[in-house]
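> here is a sequence with its predicted model. Questions after.
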2 protein chains.
Amino acid sequence: LRIAIISVGREILRGRVLDTNSNYLARELTALGHQVVRISQIDDIREEIIWEVKYAASSPVEVIITTGGLGPTSDDITIPSIAAAFDTPCFENKEALKIVEERYRYFYEKGAVESPDLTPERKKMACFPEGAVPLFNNVGAAPGMKWEKNGITIYSLPGVPAEMKYIFENHIKPDLEERNIYRERFVETPCRDESLLEKYISDFKKRNPDIYIKSVPEKFGKEVRIKVVIGMRGDREKIEELLTSLAGEFLKSIREPC
Amino acid sequence: LRIAIISVGREILRGRVLDTNSNYLARELTALGHQVVRISQIDDIREEIIWEVKYAASSPVEVIITTGGLGPTSDDITIPSIAAAFDTPCFENKEALKIVEERYRYFYEKGAVESPDLTPERKKMACFPEGAVPLFNNVGAAPGMKWEKNGITIYSLPGVPAEMKYIFENHIKPDLEERNIYRERFVETPCRDESLLEKYISDFKKRNPDIYIKSVPEKFGKEVRIKVVIGMRGDREKIEELLTSLAGEFLKSIREPC
């Protein structure tokens, strides 16, 4: 599956927050055998979100994952903006409202909030487009969203990393597990100079057109041994063995000095 | 100035590398008083780079900064792809070639590379569009690029963080320093619940329409004291004092419990 990730939040664009969410998602999705084709970080402005979701939906992807902007404050507008990108309104989702109510009651009983009431700010978190499914959040209060629309599956996750991870692990990962997966392996070469190593890489790539192979840039230095990364797609059970044999074959093809 | 940042490199999309470059640039550019409006991470595929640069150039920005893809390997294609996005070829830039030659001679003398020769892979790093200016790189070998095109200033930096930072500090920062700047301040409130704090924020925003104010999401908890961030634009010399007085005024407006 080809996947676009969109992180919503001005704090990222101001450099106050390092977007580790998209890195976590990219790593997990790659390990599941999928292909992240694009990541973007945008402002929590309605038009920007609409524009970006339309841009992603018009590119060749099967899945869009957003993070951020599901909370109770006035700049938390991700879900209504996604709905608007598909010319759809959002309205109170009963199941989502039950989750929000249950979570605030829980936080009230723990003494973490002043009241369990469903204020307008809290109710807002249950505004979903028609057909969207709320995803239970066991860490915070805002439910995530899964929405199948126009042949694309859209997942919306909160921006707080612990909440994002909980919903990914418990709702998205089980959806996206597959048998045929993509895996990568790092291999240390005896070479110090990327520009000399390059010809062994392109020769190897010619003999193995289905693999991905690339050197990992390094600062120059006497002690440097440049690594390459080899990636391929294959059966979950056999892939590690195949990568080991490819790595050995590549190392044998190199002539020093390089 | 409104700025878009584009990080080029498959390693980011696979989750192998956390893109700290864009976070560094966002923080530095914010501190200089500029506004990063969008960050994206894309694959090192010619069409993807062309597409993304065109998309950024068609949005309301004055500056585009790219990182990654300036090295000697076959997937280092950022500068020719940027040139192609503006329907311009790239060709050997004499000044850039001198930098590449000088840098490889230096690394050869240090014993870090096998030869100082200008191989085709190394020459490739000096391929610039007409009118572009190479930026000296004191850490690695690949020169950065500054290119004024169609009213937009495009800066291209290497992806290795130390090289990126060197070129930013020495070439871009002096270009972009301004008197009228944007600054932010964190303020700890006595509140534990974002949804209750929200009305004090929106009231304060109504009285001070030119500022930016937002609560910082937190997990729920008894000991939590929610922070807000207040941002504003003003003269470099007076801005800290103005923020201190705004912060005090905001805290006075809050009624507990919240």
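Looks like it arrived, so ask away. Residues are numbered from 1 along each chain as shown, chains lettered A, B, ... in the order given.
> now the helices for the stretch 51-200 of chain A?
Taking DSSP state H, counting those that start in this stretch as the criterion, the stretch 51-200 of chain A carries its helices at A:78-85, A:94-109, A:120-123, A:161-167, A:173-176, A:194-207.
> please identify the most buried of these.
helix A:78-85 (a mean of 24; mean count of other C-beta atoms under 10 Å in any protein chain shown). All C-beta atoms are positioned from the backbone trio N, CA, C, and that covers glycine.
> ok, that helix near chain B or not?
No: Helix A:78-85 lies out of reach of chain B by C-beta under 8 Å from any C-beta of the partner chain, never closer than 12.8 Å.
> follow-up on the earlier one: what would the helices of the stretch 51-200 of chain A look like in a markdown table with mean pLDDT?
Output for these, formatted as a markdown table (pLDDT from 0 to 100):
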| stretch | mean pLDDT |
| --- | --- |
| helix A:78-85 | 97 |
| helix A:94-109 | 95 |
| helix A:120-123 | 92 |
| helix A:161-167 | 97 |
| helix A:173-176 | 90 |
| helix A:194-207 | 92 |
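> closest to A:Leu13 out of those helices?
helix A:78-85 (15.0 Å; C-beta to C-beta).
> what lies in contact with that closest one?
For helix A:78-85, the surrounding residues in contact (C-beta atoms under 8 Å, 6 or more residues apart in numbering or on different chains) are A:8, A:44, A:46, A:49-50, A:53-54, A:57, A:66, A:68-70, A:89-90, A:127-129, A:132, A:145, A:147, A:154, A:156.
> for stretch A:49-67, the distance to its chain's centre please.
12 Å (C-alpha atoms, centre = their mean, to the nearest Å).
> just the endpoints, please. Distance across it?
End-to-end distance for stretch A:49-67, by C-alpha to C-alpha, to the nearest Å: 11 Å.
> what's that stretch in contact with?
A:1-8, A:21-22, A:25, A:34, A:37-38, A:40, A:42, A:69, A:77-78, A:81-82, A:84-86, A:150-159, A:164, A:172, A:176, B:55.
> these, buried ones only, as a ChimeraX selection?
To isolate the buried ones among these in ChimeraX, judged by 16 or more other C-beta atoms under 10 Å in any protein chain shown, type:
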select /A:3,4,5,6,7,8,21,22,25,34,37,38,40,42,69,77,78,81,82,84,85,86,152,153,154,155,156,157,158,159,164,172,176 /B:55
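> what about the contacts of stretch A:49-67, which are in strands?
The strands, defined by DSSP state E, take in A:2-8, A:37-38, A:40, A:42, A:152-157 from those.
> return only those of those residues found close to chain B.
Okay, of the ones in strands among the contacts of stretch A:49-67 touching chain B (C-beta under 8 Å from any C-beta), that's A:Val37, A:Arg38, A:Ser40, A:Ile42.
> the last one and A:Ile6 touch, don't they?
Put plainly, it is A:Ile42. Yes: counting by C-beta atoms under 8 Å, A:Ile42 touches A:Ile6, with 6.5 Å between them.
> I figured A:Ile201 hits A:Val228, correct?
Yes: if you go by C-beta under 8 Å, A:Ile201 and A:Val228 touch, sitting 6.6 Å apart.
> mutual contacts of the two, please.
Joint contacts of A:Ile201 and A:Val228 (C-beta under 8 Å, 6+ apart) are A:Ile213, A:Lys214, A:Ser215.
> save those residues as TSV, and put in secondary structure and distance to B:Tyr106 too.
Output for the shared contacts of A:Ile201 and A:Val228, formatted as TSV (DSSP: H, G, I helix; E, B strand; the rest coil; distance: C-beta to C-beta, whole Å):
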residue	secondary structure	distance to B:Tyr106
A:Ile213	strand	29
A:Lys214	strand	26
A:Ser215	strand	21
